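# predicted model, plus sequence, below.
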Amino acid sequence: EPEVTQTPSHQVTQMGQEVILRCVPISNHLYFYWYRQILGQKVEFLVSFYNNEISEKSEIFDDQFSVERPDGSNFTLKIRSTKLEDSAMYFCASIRGARPEAFFGQGTRLTVV
Amino acid sequence: KQEVTQIPAALSVPEGENLVLNCSFTDSAIYNLQWFRQDPGKGLTSLLLIQSSQREQTSGRLNASLDKSSGRSTLYIAASQPGDSATYLCAVKTGANNLFFGTGTRLTVIP
């Protein structure tokens, strides 16, 4: 069964460093998303991406964040200068379009030290 | 802003029992509602999706209902098993192109 895959599963980085989280959405899906979940808190929306551009973003998604779909398969989230409060589980999700069911990856646990 | 709440926050039941998890949302203008399962430290597995025009969806031992006008959904799990132990999340999609998640219910099924 097709699935959303995320790499790495766990990343530790020093405060101020740049990180890139990678996702491979399901191949025939059209809408792509990043969410995050700080330990013990709700899953929160960061950004949605459609037709090679951002369609919506939350207040969390400030200038230190960016997304890219550099080729036909990968979808990346870049955090330019990480802060301690960026430590969280980051989830990528995709939706086909015709069917509205969202499919999530296994997540990348980001730890900023 | 849409707020999604789930009650109870945690639930512990003996194996074999039927149970109901509750989800409420403040803005009834939703497109759909989706139930997910999350195992500790893992991703989200989609269980059921209910469109705004539907009243319920079933998959195996799971049945989800939706009452859009009152802003409520329930997830019914029949004949619970230890493997059902996980956190269950509901999420609603509104006019914005994203999901609003609830706080989750942590379910423990005791063998």
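Noted; the coordinates are in hand.

# could you find the closest non-adjacent residue to B:Gln6?
B:Gly102 (4.0 Å; CB to CB, 6 or more residues apart in numbering or on different chains). Where you see a C-beta, it was placed from the backbone N, CA and C, and this is true even at glycine.

# which pLDDT value belongs to that neighbour?
Among the per-residue scores, B:Gly102 shows a pLDDT of 96.

# ditto for B:Asn97
For B:Asn97, the predicted pLDDT is 74.

# for it, helix, strand, or coil?
coil (DSSP: H, G, I helix; E, B strand; the rest coil).

# before we move on, the earlier item: does the residue nearest to B:Gln6 touch B:Leu89 like I think?
Yes: between B:Gly102 and B:Leu89 there is a contact under CB atoms under 8 Å: 5.8 Å.

# find residues that contact each of the two.
B:Gln6 (CB atoms under 8 Å, 6 or more residues apart in numbering or on different chains).

# all strands for the chain, in order.
Defaulting to chain A. Taking DSSP state E, the strands of chain A run over residues A:5-7, A:10-13, A:19-24, A:31-37, A:43-50, A:53-57, A:65-68, A:75-79, A:88-95, A:102-104, A:108-112.

# actually, chain B is the one I wanted.
B:4-7, B:10-14, B:19-25, B:32-38, B:44-51, B:56-59, B:62-67, B:72-77, B:86-93, B:99-101, B:105-110.

# redo these as a markdown table? Include mean neighbour count.
Below are the strands of chain B laid out as a markdown table (neighbours: other CB atoms under 10 Å in any protein chain shown):
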| stretch | mean neighbour count |
| --- | --- |
| strand B:4-7 | 18 |
| strand B:10-14 | 12 |
| strand B:19-25 | 19 |
| strand B:32-38 | 23 |
| strand B:44-51 | 19 |
| strand B:56-59 | 14 |
| strand B:62-67 | 18 |
| strand B:72-77 | 20 |
| strand B:86-93 | 24 |
| strand B:99-101 | 25 |
| strand B:105-110 | 17 |
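
# residue contacts, the nearest residue to B:Leu75 once chain neighbours are set aside?
With CB to CB, 6+ apart as the criterion, B:Leu75 has its nearest non-adjacent residue at 4.4 Å, and that residue is B:Leu21. Listed by CB under 8 Å, 6+ apart, the contact set of B:Leu21 reads B:6, B:11, B:74-75, B:77, B:88, B:90, B:105, B:107.

# ok, now A:Gln37?
A:43-44, A:88-89, A:91, A:107.
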